[in-house]
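*Asks:* A structural model of the following input is requested.
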Amino acid sequence: MMKKITLVVGSKDACPDLFSKLSRFYAAQLLELDDVSPELIQNSSLVLVDFADGSGKQLGHLKRVLEKVPSVLRIGCITMTRRQEVVQAKALGLSELWDRECDVEDAVTTVKTMIGDYAMPALSDETPDATRDAVNGLCSTMDEMAMAVAANRPLPMKAAAESVQGVVTALQTDGLDAWLAAVQSHHSHTFCHSMMVTGFAVAFANALELDAQDRAFLSVGALVHDLGKVRIPLSILDKPGELTREEYAQIKLHPVFSKEILDRRPEIAPQIRDIAVQHHEYLDGTGYPDGLDADQISRLVRILTICDIYAALTEKRSYKESYGPRQAYSILLDMKGRIDQDLLRRFRPIAFQADVGMLKKGVDSMRMITGGRRASA
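*Replies:* Numbering: from 1, shown residues only. The predicted structure is shown next:
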């Protein structure tokens, strides 16, 4: 079940850094003190309040609102050394208090304890064991990735390699159809899409008989292909309705964000970086963010682009039509000149046969992408 939190601030223009980072781990609505109402917060799992610079009138309004929704959990974010803020917070009924400068990892851990882990899905009891383990492992790794970016730490590439190996095992054991059914039950469109792309990439790598190193680069690249989206609030990424023009423009920045994140991390193989930064580039130069053309786009990026578009077309969302395999493949065929048609023909068995059967080869050298002694835990 999707968990939503509400962040209350004196001014959106002065939103605390902690609140901005929390919005990457939970779907959050951001409200100013003047705009808070019982109707807007009653369905929230948690309300976090930073009332810095709030007037007496605004704090009185906030207190009345909170009194009308006593069942909603609420936390006050204050400067603990300021006695006046401590007194005000308790007067508002904010019995749980955080320091405004607290560590984001500690904050996320606390929120998980209070309302549950947004990253983890509620899988059906019918989900096969190997698929269940792989889905949970991949979700956990994606959550670790987001935290590493938020805390400015090295990315957990060893965990990424291990979780992708779990996907290989799941497809060998249960098939691609079981994988797709499981990942599409996730409440987060963001997690669902990344896991669909990873499943298609693993299956396609097998069909293409890529060597072990390219399998590793492609599979882990698929897992992190949308890494830049960790800088975009989940309230936009997982919005249940259609995006506004401004929201769509923000999402289109994710390859740029991926470049900024990965360029500062030398432990990342350039092949994986290229997948994350270039998977929206087209052979005719009409893609983004850099308008690259055919000679500048590697084969691994071309492969991932096909998996990414096909997943986007076939995944289920409340506000758009979900295309069947033949419809989605037909749309890809119509993109002649923009995507690699030879690779697309070889993707056809993956598109038309959800269960690709037992994979003959696993990704047996995932350690290659961790760069040996430069690998991060």
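*Asks:* May I have the strand or helix carrying residue 66 as PDB, with CA atoms only?
*Replies:* For residue 66, the element it lies in under DSSP states H and E is helix 56-68. Taking C-alpha atoms only, helix 56-68 is exported to PDB below (Å, rounded to 0.1, in the frame of the first residue of the first chain):
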ATOM      1  CA  GLY A  56       1.300  33.200  16.400                       C
ATOM      2  CA  LYS A  57      -1.700  33.300  14.200                       C
ATOM      3  CA  GLN A  58      -0.300  30.500  11.900                       C
ATOM      4  CA  LEU A  59       0.700  28.300  14.900                       C
ATOM      5  CA  GLY A  60      -2.800  28.800  16.400                       C
ATOM      6  CA  HIS A  61      -4.300  27.700  13.100                       C
ATOM      7  CA  LEU A  62      -2.000  24.600  12.900                       C
ATOM      8  CA  LYS A  63      -2.900  23.600  16.400                       C
ATOM      9  CA  ARG A  64      -6.600  23.700  15.700                       C
ATOM     10  CA  VAL A  65      -6.100  21.600  12.600                       C
ATOM     11  CA  LEU A  66      -4.000  19.000  14.300                       C
ATOM     12  CA  GLU A  67      -6.600  18.700  17.100                       C
ATOM     13  CA  LYS A  68      -9.200  17.700  14.500                       C
END
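*Asks:* chain center to it, what's the gap?
*Replies:* Taking the mean of its C-alpha atoms, helix 56-68 sits 35 Å from the chain's own mean (Cα atoms, centre = their mean, to the nearest Å).
*Asks:* Buried residues, that helix. List them.
*Replies:* For helix 56-68, burial by neighbour count (16 or more other Cβ atoms under 10 Å) applies to 58, 59, 61, 62, 65, 66. For glycine as for every other residue, the C-beta is placed from the backbone atoms N, C-alpha and C.
*Asks:* Name the nearest residue to the first one, ignoring sequence neighbours.
*Replies:* Think residue 58. Closest residue to residue 58 apart from its sequence neighbours, by Cβ to Cβ, 6 or more residues apart in numbering: residue 33 at 4.1 Å.
*Asks:* ok, and what's touching stretch 111-122?
*Replies:* Residues from elsewhere that reach stretch 111-122 (Cβ atoms under 8 Å, 6 or more residues apart in numbering): 1-3, 5, 22, 25-27, 45-46, 73, 135-136, 139-140, 142-143, 182-183, 185-188, 191, 234.
*Asks:* switch to 7 Å and redo it
*Replies:* 1, 3, 25-26, 45-46, 73, 135-136, 139-140, 142-143, 185-188, 191 (Cβ atoms under 7 Å, 6 or more residues apart in numbering).
*Asks:* and if you look at stretch 181-195?
*Replies:* 1-2, 118-119, 121, 123-124, 127, 131, 135, 138-139, 142, 196, 199, 223, 226, 229, 234, 237-238, 311-312, 315-317.
*Asks:* Buried subset of those residues, written for ChimeraX?
*Replies:* ChimeraX command restricting the contacts of stretch 181-195 to the buried ones, with burial defined by 16+ other Cβ under 10 Å:
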select :118,119,121,123,127,131,135,138,139,142,196,199,223,226,229,234,237,238,311,315,317
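*Asks:* Among the contacts of stretch 181-195, which ones are in strands?
*Replies:* Using DSSP state E, no member of the contacts of stretch 181-195 falls in strands.
*Asks:* Please flag which of the contacts of stretch 181-195 sit within helices.
*Replies:* 131, 135, 138, 139, 142, 196, 199, 223, 234, 237, 311, 312 (DSSP state H).
*Asks:* Where do the strands of the chain begin and end?
*Replies:* Using DSSP E, strands in the chain cover 4-9, 27-32, 46-50, 73-78, 96-99.
*Asks:* could I get those strands as TSV with mean neighbour count?
*Replies:* Formatted as TSV, the strands of the chain follow (neighbours: other Cβ atoms under 10 Å):
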stretch	mean neighbour count
strand 4-9	23
strand 27-32	19
strand 46-50	24
strand 73-78	21
strand 96-99	15
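*Asks:* Make TSV from the ones you listed and add mean pLDDT to it.
*Replies:* Shown next, in TSV, are the strands of the chain (pLDDT from 0 to 100):
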stretch	mean pLDDT
strand 4-9	95
strand 27-32	95
strand 46-50	97
strand 73-78	95
strand 96-99	94
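*Asks:* nearest to residue 163, of these?
*Replies:* Residue 163 lies closest, by Cβ to Cβ, to one member of those: strand 27-32, at 23.3 Å.
*Asks:* So what touches the closest one?
*Replies:* Applying Cβ under 7 Å, 6+ apart, the set of residues contacting strand 27-32 is 2, 4-12, 15, 22, 40, 233-235, 238.
*Asks:* what do you get for stretch 125-140?
*Replies:* 119-121, 123, 163, 166-167, 169-170, 173-174, 178-179, 182-183, 191, 195, 198, 223.
*Asks:* try it again with 10 Å
*Replies:* Defining contact as Cβ atoms under 10 Å, 6 or more residues apart in numbering, one finds that stretch 125-140 is touched by 117-121, 123-124, 156, 159-160, 162-175, 178-183, 185-186, 188, 191, 194-195, 198-199, 202, 223.
*Asks:* Apart from its neighbours in sequence, what residue is nearest residue 124?
*Replies:* residue 185 is the one closest to residue 124 (Cβ to Cβ, 6+ apart), at 6.4 Å.
*Asks:* That neighbour and residue 229, how far apart?
*Replies:* 20 Å (Cβ to Cβ, to the nearest Å).
*Asks:* can you tell me how far residue 155 sits from residue 227?
*Replies:* Here residue 155 is placed at a distance of 8 Å from residue 227 (Cβ to Cβ).
*Asks:* I'm done for today, thanks for sticking with me.
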